[in-house]
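J.: When you get a sec, could you give me coordinates for this:
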Amino acid sequence: MPDATNAAAPEPPAKFPRTFWTANLTELFERGAYYSMASFVVIYLGRLGLGDYWPSVLNGLLWTLVYFLPILSGTIADQVGFRRSLLVAFVLLAGGYFLMGFPAWLGGATLSPEVGNEVTADAAVWLPLLAGILLIGLGGSVIKPCISGTVQKTAGRRATLAFAIFYMVINIGSLLGRGVSWYVRGRLGLPYIFAVAMGCSVVAFLVVTLLYEDPDRLRREAAAPQKPRRSVGRILLDMVLVLRNPRFALFLLVSAGFNFLYAQVYNVLPLYLKKVVETNPAVDIYTMANPLTIVLFQLLVTRLFGKMKPIRSMVVGSLIIGVAMLINVVPVLVLGDVRASALDLLPIGSLFIVLTVSLIAFGELFTMARTYEYIGALAPQGQEGLFLGYANLPMAIGSLLGGPVGAFIFNEVMCRGATKRPDGLLELDPHWNSLGWTILMGIGFLSALAMFLYNRWLQRHPAAPTPA
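T.: Residues are numbered from 1 along each chain as shown. Got it, this is the predicted structure:
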């Protein structure tokens with residue numbers, strides 16, 4: 001019998017390198033910066049005098065830049081190195097957040113107590129806001145591929161664990177940013193949410209400066225083989241190649257419904273809270289329900305439903321997000337007053353918005369990660385990596401449409417026939433209010449149906465084998 005004391009002990013798993021943890025710390029502060037202001041952008045722009053539609057249009061543009069530009073900025077980051085790219089990105093972000101707050105801080109603009117219907121802002125307001133949105137979009141688009149690329153390059157054989165940690169850090173950063181923003185906003189005023197965002201960006205810049213090491217340099221030191229780099233021209237040609245694939249192009253369309261509804265967390269929901277339910281809603285606190293739900297239930301949902309086929313999971317997610325919108329008719333039709341107190345804590349309409357945000361997070365748990373898996377299976381053999389590089393396009397499309405269309409649903413449907421109360425809030429016609437939420441629900445249900453039918457079509461029309 002062999003001596004157990006001499007038996008070789010199992011080799012412990014290698015630890016994640018310091019750069020992995022530095023990248024996650026950087027992501028924590030970057031997400032804290034973004035979500036410290038995201039929940040209030042449409043309200044802030046509306047109170048600056050941008051009218052009914054422009055706040056949502058500009059907010060949709062911001063999200064579109066953040067999710068579309070990584071296709072190009074990721075290539076540039078590969079060329080110049082992640083560390084340099086991150087340093088430039090956080091300079092852009094800090095400048096962008098400064099410009100967003102500039103009209104109220106130094107530009108002489110005064111925030112109206114209400115979100116007005118007419119455009120009253122002049123060029124002194126418009127120009128810094130447009131420049132700020134462009135800088136935030138550019139900076140955010142650089143950070144996404146750099147941080148996720150660092151996680152991938154430093155994960156080794158434990159990519160699943162590495163990205164689970166990364167996703168958890170994203171949501172912790174979201175909670176941190178919203179919480180600090182709520183504290184600062186309550187004491188200094190709404191424009192100072194952008195000061196919180198600037199502060200988080202500066203901290204992230206210092207983390208990169210002092211602690212971050214470019215993973216490509218570490219790989220070169222370890223003599224690891226590197227993939228050939230692609231030029232920007234090659235990226236544009238690949239984009240044409242991907243979008244000319246009818247199976248993928250159609251998937252972008254059918255999946256846009258979910259992302260369109262997700263965008264309403266930052267378009268319709270804040271406007272509904274501010275103009276209908278409360279004069280001073282804590283949107284940052286209410287929307288904390290999204291990252292909190294993900295942090296609490298991610299492992300449980302993965303364990304219980306992880307073996308569900310991707311298409312079924314995405315269909316379930318689209319149904320959930322549709323139901324999340326519909327539940328807002330309960331305080332309208334059943335209780336009859338969205339401003340009635342719930343448990344002496346907050347208006348019943350706000351409570352249902354919190355429930356909506358939580359349900360949307362469950363829909364996200366069923367949909368977001370499985371989208372990447374489905375795109376990988378959808379791609380032609382040997383082109384999985386190329387197609388996955390464009391996996392954020394559904395979010396970009398949903399955001400681009402979500403801003404103006406969401407504003408139309410709110411202003412032209414929900415608010416039709418509304419009257420203004422003495423406190424400045426709108427008294428909505430229950431019929432039109434409910435119809436607006438029902439339309440949003442219908443978009444989710446139609447998205448689920450379209451995705452189901454699309455998958456059936458794929459099964460009946462399998463792709464031709466890729467020629468050798």
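J.: And the strands in the stretch 251-400 of the chain?
T.: Along the stretch 251-400 of the chain, the segments classed as strands by DSSP state E, counting those that start in this stretch run 341-342, 346-347.
J.: pLDDT of the last one, averaged?
T.: Averaged across strand 346-347, the pLDDT comes to 92.
J.: What strands flank it, and is each parallel or antiparallel?
T.: strand 341-342 (antiparallel) (DSSP bridges).
J.: coming back round to it: among the strands of the stretch 251-400 of the chain, which is nearest G101?
T.: G101 sits nearest to strand 346-347 of all the strands of the stretch 251-400 of the chain, at 27.4 Å, using CB to CB. Just so you know, the C-beta spots here come from the backbone N, C-alpha and C atoms, and that holds for glycine as well.
J.: Determine how far that closest one lies from the middle of the whole chain.
T.: Centroid separation for strand 346-347 versus its chain: 26 Å, with CA atoms, centre = their mean, to the nearest Å.
J.: Residues in contact with that strand: which ones?
T.: If you take CB atoms under 8 Å, 6 or more residues apart in numbering as the criterion, strand 346-347 is touched by 277-278, 338-341.
J.: So among these, which ones count as buried?
T.: Taking 16 or more other CB atoms under 10 Å as the criterion, what is buried in the contacts of strand 346-347 is 277-278, 338-339.
J.: Can you tell me which of the strands of the stretch 251-400 of the chain is nearest to C146?
T.: Among those, strand 346-347 comes nearest to C146, with 39.0 Å by CB to CB.
J.: got CSV for the buried ones among the contacts of strand 346-347, with pLDDT and distance to F20 too?
T.: What follows is these, written out as CSV (pLDDT from 0 to 100; distance: CB to CB, whole Å):
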residue, pLDDT, distance to F20
V277, 96, 43
E278, 94, 42
V338, 91, 46
R339, 91, 48
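J.: Need the max-distance pair from the residues you listed.
T.: E278 and V338 (9.6 Å).
J.: List the residue ranges of the stretch 51-200 of the chain that fall below the pLDDT cut-off.
T.: Scanning the stretch 51-200 of the chain for pLDDT under 70 picks out the ranges 160.
J.: 90 instead?
T.: 67-82, 108, 114, 116-117, 141-142, 144-168 (pLDDT under 90).
J.: How about the contacts made by V277?
T.: Taking CB under 8 Å, 6+ apart as the test, what V277 contacts is 338-339, 347, 349-350, 353, 425.
J.: what do you get if the cut-off is 7 Å, keeping everything else the same?
T.: 338-339, 347, 349-350 (CB atoms under 7 Å, 6 or more residues apart in numbering).
J.: Quickly name whichever of the residues you listed is closest to R31.
T.: Closest to R31, out of all of these and judged by CB to CB, is S350, at 24.2 Å.
J.: ok, the closest one touching Y272?
T.: No - with contact defined as CB atoms under 7 Å, S350 and Y272 do not form a contacting pair (9.5 Å).
J.: Neighbour count: these two, which is higher?
T.: Set S350 next to Y272 and count neighbours by other CB atoms under 10 Å: Y272 wins out with 27 against 23.
J.: so how far is L210 from the more buried one?
T.: Y272 is 43 Å from L210, where distance means CB to CB, to the nearest Å.
J.: likewise L428?
T.: L428 is 52 Å from L210, by CB to CB.
J.: again with L188
T.: 29 Å.
J.: ok, the two, which is more surrounded?
T.: L188 (12 against 8).
J.: Can you report phi and psi for the closest residue to that one other than its chain neighbours?
T.: In space, and not counting its chain neighbours, L188 is closest to A195: 7.6 Å by CB to CB, 6 or more residues apart in numbering. Note on A195: backbone dihedrals following degrees, to the nearest 10 are phi -70, psi -40.
J.: Tell me how many other residues surround A195.
T.: Using other CB under 10 Å, A195 is surrounded by 19 other residues.
J.: Surely it touches M100?
T.: No - contact criterion CB under 7 Å: A195 and M100 do not qualify, at 10.1 Å.
J.: quick revisit: the strands of the stretch 251-400 of the chain: which one's closest to V268?
T.: Between those, strand 346-347 lies closest to V268; by CB to CB that is 16.9 Å.
J.: how far out from the middle of the chain is stretch 103-121?
T.: Chain-centre distance of stretch 103-121: 26 Å, with CA atoms, centre = their mean.
J.: Buried residues, it. List them.
T.: For stretch 103-121, using 16+ other CB under 10 Å, the buried residues are 103-104, 107, 109, 111, 114-116, 121.
J.: how about those residues, which pair is most distant?
T.: G107 and E114 (20.2 Å).
J.: Return the residues in contact with A450.
T.: Contacts of A450 by CB under 7 Å, 6+ apart are 254, 257.
J.: ignore the last one, N328
T.: Counting by CB under 7 Å, 6+ apart, the residues that N328 touches are 352, 356, 437.
J.: what's the pLDDT at it?
T.: At N328, pLDDT is 96.
J.: What spatial separation is found between it and G349?
T.: Relative to G349, and taking CB to CB, N328 is found at 8 Å.
J.: what does stretch 310-325 contact?
T.: The contact list for stretch 310-325 (CB under 7 Å, 6+ apart) reads 257-258, 261-262, 305, 356, 359-360, 362-364, 366-367, 370-371, 373-374, 437, 440-441, 444-445, 447-448, 451-452, 455.
J.: mind checking which helix or strand N117 is in?
T.: Per DSSP states H and E: N117 is located in neither a helix nor a strand.
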